[in-house]
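A.B. asks: Need coordinates for the following:
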Amino acid sequence: MRKMGIGLAALAAGSLLLAGCASSTGTAPAPAESEAPIDASGVTLTVWTDENRKPAIEAAAKTFEDETGAKIELVQKNFEDIRNDFTNQVPTGEGPDITIGAHDWLGSLVQAGVVSTVDLGESAANFEKVATDAFTYDGQTYALPYSLETIALIQNTDLVGEDAPATFDDMIAAGTESGAERPFVINTAGQTGDAYTMYGLQTSFGAPVFVQDDSGSYTSEIGMGGEAGTAFATWLGEHGEKGSGEISTTIDYDTNNELFASGKAAYTIQGPWAVETLTAQGAKIKVNPIPSAGGETASPFVGVQGFYISAESKNALVAQEFLTKYLATYDAQKALYEADPRIPAWSELAEEVSSDPVIAGFVASSQNGVPMPNIPQMGSVWDLWNAAQVQIIKGADPAGTWTKMVSDLEATIG
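C.D. replies: Next up, the predicted model:
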């Protein structure tokens, strides 16, 4: 369904380094002179991190220790274990003060009562809006963001050049004219369905999975019903196996990548994690935002990672100080990027790494994107949503299948 969390590390290492960047072993800057560091002598903050990000956090931690007198204990964990361990240990008082984590954990963490709000203050303006929105729940911010991931349109420039197609139909026309065996391929995970990858095309019809309120927080109201959802379903059927055939359940992740890499497909929609595979056979690529199929902006899901504070931390104010004054800096964010290359959430840094055209394409796509819903109800959506898309692609009645899926979801979510 999703291949989040691999980031831009698959891109050639040379293209990832910022010109003239300092080493990630450098230290983060101290707070402005007008803001004297707090006295946190005797305080120890426990921070959970994974292996990749540990060296970058160490740099900011050393400056923090030198300036405040506090101590930071970094505990290295497998990223896959952090969510469950944090949820289980925080209520017992055994968890950390701070942990790294993904934004789509947020709803369940809030429901479990294990995270505190974070006041980003003036530093909020330094982050991409989609990143701060991702960590917003019921109008409150719960983490300091640092990285983004999303998908985008990837095209073979030897076949179709570098110009971004304005619409899905323009893309198909260019791909057909190129003489490629297939103008376009998109992963459907075979018979499983991949609503995640298809989401940018769906949102271009104005059919979001959940409705967002004025604060940017997701509600539990299903947003993909009604005329907009039916229009997307109808379009999906028209381009499915009983229609023009560009979208097929014969295309799983590996098949998708092989068809593009071998030059048999002119366009695909993929994430940065696939770039190495897509170019392994010599294909030259350009990355652009996903073209609109339904007339509105194609808004793919964006995944965001950041730092949470435990609701049971006995040193919450000190933890807040470390995040907002020592990790919310250009140098600290740069160190995190160099340690584990992903699209930076820090806007200035995102602009700098966009000197690489491949990264620039994913940054542009992320700026069109929306955070993957962080509410607990999202976990109930995937199976029904994926299955409905597969049925429609294979030729089932689009309107009836989609309407039943929406009704089933509303019943499931309550």
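A.B. asks: The most centrally placed residue in the chain and Arg342, how far apart?
C.D. replies: Taking C-alpha atoms, centre = their mean, the centroid of the chain lies closest to Gly303, which sits 1.7 Å from it. With distances defined as C-beta to C-beta, to the nearest Å, the gap from Gly303 to Arg342 amounts to 9 Å. C-beta coordinates here come from the backbone N, C-alpha and C atoms, glycine included.
A.B. asks: list residues touching both of those two?
C.D. replies: With contacts defined as C-beta atoms under 8 Å, 6 or more residues apart in numbering, the residues adjacent to both Gly303 and Arg342 are 148-149.
A.B. asks: circling back: and whichever strand or helix holds the residue nearest to the centre of the chain, what does it pack onto?
C.D. replies: Secondary structure from DSSP states H and E places Gly303 in strand 301-310. Here strand 301-310 touches strand 98-102, strand 115-116, helix 129-134, strand 143-150, helix 195-203, helix 316-321, strand 370-371, going by 3 or more C-beta pairs under 8 Å, 6 or more residues apart in numbering; DSSP states H and E.
A.B. asks: by how many degrees do that strand and helix 195-203 diverge?
C.D. replies: Angle between the axes of strand 301-310 and helix 195-203 is 120 degrees (criterion: axes from the mean of the first three to the mean of the last three C-alpha atoms, to 10 degrees).
A.B. asks: Now do strand 301-310: distance to the chain's middle.
C.D. replies: Centroid displacement of strand 301-310 relative to its chain, using C-alpha atoms, centre = their mean, to the nearest Å, is 9 Å.
A.B. asks: now that strand and strand 98-102, what's the angle there?
C.D. replies: Angle, strand 301-310 to strand 98-102, by the same axes, to 10 degrees: 160 degrees.
A.B. asks: Now strand 301-310: buried residues?
C.D. replies: Applying a neighbour-count criterion of 16 or more other C-beta atoms under 10 Å, the buried positions in strand 301-310 are 301-310.
A.B. asks: and which of these is nearest to Pro376?
C.D. replies: Nearest to Pro376 among these: Tyr308, at 15.9 Å, using C-beta to C-beta.
A.B. asks: hang on, the closest one packs against Val110?
C.D. replies: No - with contacts defined as C-beta atoms under 8 Å, Tyr308 does not count as touching Val110, sitting 10.3 Å away.
A.B. asks: got any residues that touch both of those two?
C.D. replies: Here Tyr308 and Val110 share the contacting residues Tyr142, scored by C-beta under 8 Å, 6+ apart.
A.B. asks: my read: Thr141 touches Ala131, true?
C.D. replies: No - applying C-beta under 8 Å, one finds Thr141 not in contact with Ala131, separated by 10.6 Å.
A.B. asks: Would you mind telling me which of these two has more residues around it?
C.D. replies: Ranked by neighbour count (other C-beta atoms under 10 Å), Thr141 and Ala131 place Ala131 first, with 28 against 18.
A.B. asks: any idea how far that one lies from Asn256?
C.D. replies: When C-beta to C-beta is applied, the distance between Ala131 and Asn256 equals 28 Å.
A.B. asks: ok, now Thr412?
C.D. replies: With distances defined as C-beta to C-beta, the gap from Thr412 to Asn256 amounts to 30 Å.
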